[in-house]
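Asks: fold the stuff below for me.
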Amino acid sequence: MISKLINLKDDKIKPKWFLRQAGRHIPEYFTIRNKHNSFIDFCLDENSIVKATILPLKYYNIDAAILFSDILLLPHFLGQKVTFKKGLGPKLEKIRIDKDFFKKDFDLNNFISIKNAIFKIKKTLHPSKDLIGFCGAPWTLACYMIEGGSSKDYSKTRTFLWNNEEIFFKLINKLIKDCADFLEYQYLAGCTVLMIFDTWSSMIPDRYWVKFGIEPIKSIIDRLRTKNVNCPIIGLPFKSGEMLIQYSYESLVDVVSIDWKTNLDWVLKNINNNVITQGNLDPAILSCDNQLAIKKEVHRILDLTQKKCHIFNVGHGLTPEVKIENVKYVIKLIDDYY
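Replies: From the prediction side, this is the model:
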């Protein structure tokens, strides 16, 4: 249905899905997760990928499945071991970004289990529902790789950039190629929509925002289009503020995903008219006990996008605190509205 909306540009088509829908707010998720010694093992187990990807569709009447995976698989297979510890988030081994690093090839054979999982998911997924593959954007991946994990301000990354601009550019260019190859791999396996997550785009210094926030996305999409990867591509420049508008004109994405801090009315008045919007609902509202507040927020978005091509979604991923009954309530509100 997402593909149909993007291809036809018909504002009467109103798809809905949720970022991180296959996650920790669903109890059965832990049954699948606890079978594995590590989160990376979980993300590379064929049967677990299938189960986790399909799981939310057993609960919700939504229009897409998003492949269960993680953006940090890419640095993991570039030789930077990634581990996840409860309450601490991802930890990446220190890595020297030197001549030897740039000689490393990104071997897609590491992802055979993902390809096989996509084959299986496609067999079970209704033809009207899209399967979304994804990767992290080069800037966000570079942040994790240099910082060694999550950070409040990614000051190590920015310091590295100011000290080593030439090497940083080289790293971004390598990640552009690797991201494009990984997205193409998912498309060829059967994904019908692709998404690029720039979770830390708000940390890009203003002087470099176009260079690292827009141009790498454009380069990835250019590479994909030259290889006949013709499916819709969603971009999430998270908390990018006013740069979101330039991003909509220059990045080549088909859909711009909007966080909850950005004024949707302002976006709709200024965004590239050829680009479809997605998101804007605060995921935290799905953890609250106030159904009236939920209804008002959902209707605010539906009212603003009633005559627009818009994919209903949250502004960022569902958290473990989200209540299943609230997600179901949102879906009912959308269905009743139309």
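
Asks: could you pull out the helices for the stretch 151-300 of the chain?
Replies: For the stretch 151-300 of the chain, the helices defined by DSSP state H, counting those that start in this stretch occupy 155-163, 165-189, 209, 215-226, 243-250, 264-270, 291-304.

Asks: okay, those helices, which one's buried deepest?
Replies: For the helices of the stretch 151-300 of the chain, the largest average neighbour count (mean count of other Cβ atoms under 10 Å) is found in helix 209, namely a mean of 21. All C-beta atoms are positioned from the backbone trio N, CA, C, and that covers glycine.

Asks: and that one, how far out from the chain middle?
Replies: Distance of helix 209 from the chain centroid (Cα atoms, centre = their mean, to the nearest Å) equals 19 Å.

Asks: ok, and what's touching that helix?
Replies: Helix 209 is contacted by residues 201, 240, 243 when judged by Cβ atoms under 8 Å, 6 or more residues apart in numbering.

Asks: make CSV from those and add distance to residue 191 to it.
Replies: Below are the contacts of helix 209 laid out as CSV (distance: Cβ to Cβ, whole Å):
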residue, distance to residue 191
201, 23
240, 25
243, 27
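
Asks: ok, so of those, who is nearest residue 150?
Replies: Within those, the smallest distance to residue 150 is 15.0 Å, found for residue 201 (Cβ to Cβ).

Asks: for the closest one, give me its contacts.
Replies: Shown in contact with residue 201 (Cβ under 8 Å, 6+ apart): 137, 139-140, 209, 213, 237-240, 243.

Asks: ok, and the most crowded of these?
Replies: In terms of neighbours by other Cβ atoms under 10 Å, these top out with residue 237 at 32 neighbours.

Asks: that one and residue 335: what is the separation?
Replies: Per Cβ to Cβ, to the nearest Å, residue 237 is found 30 Å from residue 335.

Asks: okay, residue 97: pLDDT?
Replies: You'll see residue 97 listed with a pLDDT of 86.

Asks: change the start of the numbering to 16 and stick with it
Replies: Understood, numbering begins at 16; the last thing we discussed is residue 112.

Asks: that one contacts residue 178, doesn't it?
Replies: No. Using Cβ atoms under 8 Å, residue 112 is not in contact with residue 178; the gap is 11.7 Å.

Asks: redo the helices of the stretch 166-315 of the chain as a markdown table? Include distance to residue 346 and mean pLDDT.
Replies: Below are the helices of the stretch 166-315 of the chain laid out as a markdown table (distance: least, Cβ to Cβ, whole Å; pLDDT from 0 to 100):
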| stretch | distance to residue 346 | mean pLDDT |
| --- | --- | --- |
| helix 170-178 | 38 | 96 |
| helix 180-204 | 26 | 97 |
| helix 224 | 36 | 97 |
| helix 230-241 | 30 | 98 |
| helix 258-265 | 26 | 98 |
| helix 279-285 | 19 | 97 |
| helix 306-319 | 10 | 98 |
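
Asks: of those helices, which is nearest residue 297?
Replies: Closest to residue 297 of those is helix 306-319 (Cβ to Cβ; 7.0 Å).

Asks: quick one: contacts of the closest one?
Replies: Residues from elsewhere that reach helix 306-319 (Cβ under 8 Å, 6+ apart): 279-280, 283, 295-297, 300-301, 303, 325, 327, 341, 344-345, 348-349, 352.

Asks: of the contacts of residue 216, which belong to strands?
Replies: residue 252 (DSSP state E).
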